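Trainee: Kindly return the folded structure for what I paste below:
(2 chains)
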Amino acid sequence: DAGVIQSPRHEVTEMGQEVTLRCKPISGHNSLFWYRQTMMRGLELLIYFNNNVPIDDSGMPEDRFSAKMPNASFSTLKIQPSEPRDSAVYFCASSPPAPPSYEQYFGPGTRLTVT
Amino acid sequence: AQSVTQLGSHVSVSEGALVLLRCNYSSSVPPYLFWYVQYPNQGLQLLLKYTSAATLVKGINGFEAEFKKSETSFHLTKPSAHMSDAAEYFCAVTSAGNNRKLIWGLGTSLAVNP
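Mentor: Here you go, the predicted structure:
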């Protein structure tokens, strides 16, 4: 089975540009999570969806960040405008219906560099 | 509120030695506990999980963890380290009422010396 798919794997952009990260969760999973990982702050949960509905976006840094999940097989995380401090690895993870499963399955990540 | 503490941000062992990575949790309700591994430039991979069945949980790559309620611990062990075990390891906790969110530890970087 295909795992969580993220694109692009690497993104280099200039400050002020719009960045869109994409995620395809595992088929049959009904929860989707966006994380950001940096050396300074570790792994941070940005937002998560359950059945395509945003449940908790308290981790979204500011209004420059937005996320959507138009259907069960696709989600986007957009940064507009991007800033150098947004440079990080962004992970998408999905989770099957609970209970009994609460584990999350991670994609390979998108490494974002904003210059 | 739930929390996770991983004791030791860096652990170094010799190849063939016992691996012990410590995780203590705080939870007022029955927890579900997880260990994940992250190899360089990769995503996090589930190693093993505790979901209130057997207290000794076996995972992939020869790792296992034991849930000890009295000690609020879920330490990860492997009898004999391989060079390929060098990675970052994360412990996480959640519960049935936690809205699917995992609470993460800060991670432990494991180095394996030849």
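Trainee: Now do the contacts for A:K68.
Mentor: Contacts here follow Cβ atoms under 8 Å, 6 or more residues apart in numbering or on different chains; on that basis A:K68 touches A:75-76, A:78. C-beta: built from backbone N, CA, C; applies to glycine.
Trainee: Same question for B:S95.
Mentor: Residues counted as contacts of B:S95 (Cβ under 8 Å, 6+ apart) are B:2, B:27, B:29-32.
Trainee: Run a quick neighbour tally on residue 36.
Mentor: Looking at chain A here, since you left the chain open. Neighbourhood size, A:R36 [other Cβ atoms under 10 Å in any protein chain shown]: 22.
Trainee: should've been chain B
Mentor: B:Y36 is flanked by 25 other residues according to other Cβ under 10 Å.
Trainee: Tell me the spacing between it and chain A.
Mentor: Counting by Cβ to the nearest Cβ, to the nearest Å, the gap between B:Y36 and chain A amounts to 8 Å.
Trainee: and if you look at B:Q38?
Mentor: 9 Å.
Trainee: Identify the residue spatially nearest to residue 55, adjacent ones excluded.
Mentor: By default, I'm working from chain A. Counting by Cβ to Cβ, 6 or more residues apart in numbering or on different chains, A:I55 lies nearest to A:Y48, which is 5.7 Å off, once chain neighbours are set aside.
Trainee: nope, chain B please
Mentor: With Cβ to Cβ, 6+ apart as the criterion, B:T55 has its nearest non-adjacent residue at 4.5 Å, and that residue is B:F67.
Trainee: Alongside chain A, which residues does chain B contribute?
Mentor: B:32, B:34, B:36, B:42-46, B:49, B:51, B:90, B:94, B:96, B:99-102, B:104, B:106-107 (Cβ under 8 Å from any Cβ of the partner chain).
Trainee: give me the element A:L32 is part of.
Mentor: strand A:31-38 (DSSP states H and E).
Trainee: That strand pairs with which strands, parallel or anti?
Mentor: Paired strands of strand A:31-38, with direction, are strand A:42-50 (antiparallel), strand A:88-95 (antiparallel) (DSSP bridges).
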